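In: missing the sequence, but the structure's below:
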């Protein structure tokens, strides 16, 4: 499992962070926790999962990925 921190812009309320968390957790093998206050998602994903799989879910929902570390 790989642990990644994804910085996200565009979240305005707990509904936004909850939506992103649900989208990421729906991916196979992914465990995500999204913080509205920190404007980030902490994600554990399978090592072979492309980073773009995670970021595409976020951008597809209308939010901006600032960085992934």
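Out: In hand now; what should we look at? Predicted model only: the values in this text are computed from it and were never measured.

In: for the most centrally placed residue in the chain, what are its contacts?
Out: The C-alpha lying nearest the average C-alpha coordinate of the chain belongs to residue 41 (C-alpha atoms, centre = their mean; 4.6 Å). By C-beta atoms under 8 Å, 6 or more residues apart in numbering, the contact set of residue 41 is 5-6, 8, 20-21, 24, 32-35, 58. For the C-beta atoms, the positions are set from N, CA and C on the backbone; glycine is no exception.

In: from those residues, which is closest to residue 68?
Out: Nearest to residue 68 among these is residue 6, at 5.1 Å by C-beta to C-beta.

In: check which element follows the helix or strand that the closest one is a member of along the chain.
Out: Using DSSP states H and E, residue 6 sits in strand 2-9. Next in sequence after strand 2-9, counting helices and strands by DSSP H and E, comes helix 14-25.

In: what's in contact with that next one?
Out: Under the criterion C-beta under 8 Å, 6+ apart, residues 8, 10-11, 30-36, 41, 43, 54, 57-58, 61, 63 lie in contact with helix 14-25.

In: same check, this time on stretch 28-36
Out: For stretch 28-36, contacts defined as C-beta under 8 Å, 6+ apart pick out 1, 8, 11, 13-14, 16-18, 20-21, 24-25, 40-46, 49, 54.

In: what's the closest non-adjacent residue to residue 57?
Out: What sits nearest to residue 57 in space, not counting adjacent residues and going by C-beta to C-beta, 6 or more residues apart in numbering, is residue 23, at 4.8 Å.

In: before we move on, what about residue 51?
Out: Nearest non-adjacent residue to residue 51, counting by C-beta to C-beta, 6+ apart: residue 68, 5.8 Å away.

In: give the buried residues for stretch 53-69.
Out: Judged by neighbour count (16 or more other C-beta atoms under 10 Å), stretch 53-69 contains these buried residues: 54-55, 57-58, 63, 65, 68.

In: report the rounded mean pLDDT for that stretch.
Out: Averaging pLDDT along stretch 53-69 yields 98.
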